[in-house]
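In: Could you work out the structure for the sequence below:
(one chain, ligands or ions: 3)
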Amino acid sequence: MQIIVDAALDALLTFGIYDFHNFGGGDTRQSLSIPAGASVRISVQWDEPFFSVTGDFDAQATTDMDIYLLNQSNNALLAFALEDNVSNGDAVELLEFENTTGSTIQADLVIARFNIEDAPSRIKYIVFGDDININEFNTNSSTLFGHPNAEGAAGVGAAFWEDTPPFGTDPALINSYSSRGGTPILFDLAGNPLNIVRPKPEFTGPDGGDNTFFGEQFNDGNSFPNFFGTSAAAPTWPPWQRSCWNWPEDRTHLAPPKSRIS
Ligand SMILES: [Ca+2]
Ligand SMILES: [Ca+2]
Ligand SMILES: [Ca+2]
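Out: Ligands and ions are numbered 1, 2, ... in the order given. A predicted model of the protein is given here:
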């Protein structure tokens, strides 16, 4: 950790004294490229319990982390997230930003901590929304979290149908946007420490199949739009269809998903 002060942060520092996360080698700014038109949400969490889960003032966040997004070219403040985590008790900050400039922005992400509290030992963030480039200190780590990571749930990965065994790719090639598993569960519902890593996702289904009304068309020889993503992959997995809809007995009122490999 080291203190950095620049024009954009100077005024904000008057509210408290920060320590800044060292991404590596003393670098407290992680370079990101945010394309024109991209809209992103960056969710930062750290290894403390959430009051909204435990309901216990003795098992909640006691560290206040904040996040800033700065323009590399002029240190202008692009976005920030400044929830009082000690007050609300949840170890999460959510920063939102949309690049409306018409050109790519080279930005720096800064993760800051009020240094009157102990530092967390583990920080993780996930970028939601449009694609951005993480130019340095990219861990390429898990983005599977929340309900797909639950013990009683089955997570679904997505592979483009053309990159699956029936079309010559065995095993199937996972899509770049399909979440990788491995996010640890660090606390139980009462806030007691755990460290559980579940083998997720449980299975992978094809995406990019045709349907009649949404998605994007590409050169697959017909006029039907193609639907991508894990939302498209999950319903194509036959055991899921059978368990949820008693497939095929009830198929008289349910049209099967139209997929190139169905
Ligand atoms: Ca940097
Ligand atoms: Ca905060
Ligand atoms: Ca099509």
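
In: so residue 96 makes contact with residue 41?
Out: Yes: using C-beta atoms under 8 Å, residue 96 is in contact with residue 41, at 5.0 Å. Just so you know, the C-beta spots here come from the backbone N, C-alpha and C atoms, and that holds for glycine as well.

In: what stretches of the stretch 101-250 of the chain score poorly on pLDDT?
Out: Where the stretch 101-250 of the chain drops to pLDDT under 70, the residues are 238-250.

In: the strands in it, which residues?
Out: Using DSSP state E, counting those that start in this stretch, the strands of the stretch 101-250 of the chain run over residues 105-114, 123-129, 133-134, 156-160, 185-187, 193-196, 203-207, 209-210, 226-227.

In: And the longest one, what does it pack against?
Out: Read that as strand 105-114. Where contact means 3 or more C-beta pairs under 8 Å, 6 or more residues apart in numbering; DSSP states H and E, strand 105-114 is packed against strand 18-20, strand 30-34, strand 65-71.

In: Show me the contact partners of it.
Out: Contact partners of strand 105-114, identified using C-beta atoms under 8 Å, 6 or more residues apart in numbering, comprise 1, 4, 9, 16-21, 28-34, 42, 44, 63-73, 78, 99, 119-120, 123, 125.

In: next one: the fifth one
Out: With contacts defined as C-beta under 8 Å, 6+ apart, strand 185-187 is touched by 47, 49, 50, 53, 122, 149, 193, 194, 195, 196, 197, 198.

In: who does that strand pair up with?
Out: With DSSP bridges as the test, strand 185-187 is paired with strand 193-196 (antiparallel).

In: Could you list the residues of the stretch 1-150 of the chain in contact with ligand 1?
Out: Within reach of ligand 1 by C-beta under 5 Å from the ion, the stretch 1-150 of the chain has these residues: 27, 29, 31.

In: The protein against ligand 3: which residues are in contact?
Out: When proximity is defined by C-beta under 5 Å from the ion, the chain lies next to ligand 3 at 210, 220, 222, 224, 226.

In: Farthest-apart pair in those, please.
Out: Farthest-apart pair in the residues of the chain next to ligand 3 is 222 and 226; separation 9.3 Å (C-beta to C-beta).

In: neighbour-wise, which of these two wins?
Out: When neighbours are counted by other C-beta atoms under 10 Å, residue 226 comes out ahead of the other of residue 222 and residue 226, with 22 against 10.

In: Residue 213 is in contact with that one, correct?
Out: No: at 11.7 Å, residue 226 does not count as touching residue 213 under the criterion of C-beta under 8 Å.

In: The stretch 1-150 of the chain: helices as residue ranges?
Out: Secondary structure of the stretch 1-150 of the chain (DSSP state H, counting those that start in this stretch): helices at 7-13, 51-54, 85-88.

In: what mean pLDDT does the last one have?
Out: When pLDDT is averaged over helix 85-88, the result is 96.

In: For it, buried residues please.
Out: Within helix 85-88, the residues that count as buried by 16 or more other C-beta atoms under 10 Å are residue 85.

In: Touching that helix from outside, list them.
Out: By C-beta under 8 Å, 6+ apart, helix 85-88 touches 51, 52, 61, 62, 63, 64, 65, 91, 92, 93, 117.

In: dump the residue contacts of the fourth one.
Out: Right, residue 62. 48, 86, 117, 118.

In: partners of the residue nearest the centre of the chain in the sheet?
Out: By C-alpha atoms, centre = their mean, the chain has its centre lying nearest to residue 126, at 3.5 Å. In this entry, residue 126 is beta-bridged to residue 43, by DSSP bridges.

In: give the contact list for it.
Out: Here residue 126 is in contact with 42, 43, 143, 145 (C-beta under 8 Å, 6+ apart).

In: closest point of the stretch 101-250 of the chain to ligand 1, which residue?
Out: When distances are taken as C-beta to the ion, the stretch 101-250 of the chain reaches nearest to ligand 1 at residue 136, 5.5 Å away.

In: how close does that residue sit to residue 37?
Out: 23 Å (C-beta to C-beta, to the nearest Å).

In: Noted, bye for now.
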